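Chemist: Got a predicted structure here, sequence first:
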Amino acid sequence: MMRAPWRIHCPVNQLRGQLKHSWLENQVRDQRPATVINRRADKTWDRAILEIFPREIDRCRKLLKEMVEGFSPRQLVSQLMPLRQLTAEDRQQIEAAVHTIYLERTGIEALVPELDKAIAALESELTQLQEAWKTGDDEMLTAVWENFQKTATPLLSLLGELPKGVALP
């Protein structure tokens, strides 16, 4: 699979990148338990744990819902000038053919259940994290944070497997 050789606006790739880099890498994977405990003590992460992290889970679900179509080269048919001049019927046939090849070669549909499972697992761990956050127990928070990080690893890996833009078969 290759990416288009020119810049194409791809909202699902932007979302994938934000979730992978800004959230899962920077705010989850790279945060040591001691840092998290300090952030709870000074209350700098209250909003993150209680409001922002749940919103990021929702954004993961949005990506899951939109990714198969969002990375598809089918969308290029209506954007490329020479193809826009074709009849609607011809464009639809090209779109269908390109999309079918994309699905076969990328295997992106096989990632959907894996991604869904990883999101559900992280959402469950987030509930545990929110409960531990409110207790004030440093040992409990450390254990739960480390488990949250471990649970985030498969999701982080799967996001890395997704295309980095509109995928050309």
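Modeler: Nice, I can see it. Note that the structure is a prediction, hence the values are computed from the model and not measured.
Chemist: All the helices of this structure, residue numbers only.
Modeler: Along the chain, counting by DSSP state H, helices occupy 11-17, 33-41, 46-47, 53-70, 81-84, 88-106, 108-135, 138-161.
Chemist: Tell me the spacing between the nearest residue to Leu162 once chain neighbours are set aside and Thr106.
Modeler: Nearest residue to Leu162 in three dimensions, chain neighbours excluded: Arg16, at 5.4 Å (Cβ to Cβ, 6 or more residues apart in numbering). For the C-beta atoms, the positions are set from N, CA and C on the backbone; glycine is no exception. Applying Cβ to Cβ, to the nearest Å, the value for Arg16 to Thr106 is 14 Å.
Chemist: ditto for Leu155
Modeler: Taking Cβ to Cβ as the measure, Leu155 falls 19 Å from Thr106.
Chemist: of these two, who's got more company?
Modeler: Neighbours were counted for Leu155 and for Thr106 using other Cβ atoms under 10 Å; Leu155 has more, 24 against 21.
Chemist: isn't the more buried one right up against Leu115?
Modeler: Yes - between Leu155 and Leu115 there is a contact at 7.3 Å, judged by Cβ atoms under 8 Å.
Chemist: any shared contact partners between the two?
Modeler: Common neighbours of Leu155 and Leu115 (criterion: Cβ atoms under 8 Å, 6 or more residues apart in numbering): Cys60.
Chemist: Could you count how many residues lie near Thr35?
Modeler: Around Thr35 there are 12 residues (other Cβ under 10 Å).
Chemist: And it, how far from Ala41?
Modeler: In terms of Cβ to Cβ, Thr35 sits 11 Å off from Ala41.
Chemist: pLDDT score for the residue nearest to Leu162?
Modeler: If you check Arg16, the pLDDT there is 97.
Chemist: now do Gln79
Modeler: Gln79 is assigned 83 on the pLDDT scale.
Chemist: For it, give me its contacts.
Modeler: Contacts of Gln79 (Cβ under 8 Å, 6+ apart): Ile8.
Chemist: Just give the nearest non-adjacent residue to Val28, would you?
Modeler: Excluding the flanking residues, the one nearest Val28 by Cβ to Cβ, 6+ apart is Ala152, at 4.9 Å.
Chemist: Run a quick check on the one you found versus Ile119, I expect a contact.
Modeler: No - assessed by Cβ under 8 Å, Ala152 is found out of contact with Ile119, at 10.3 Å.
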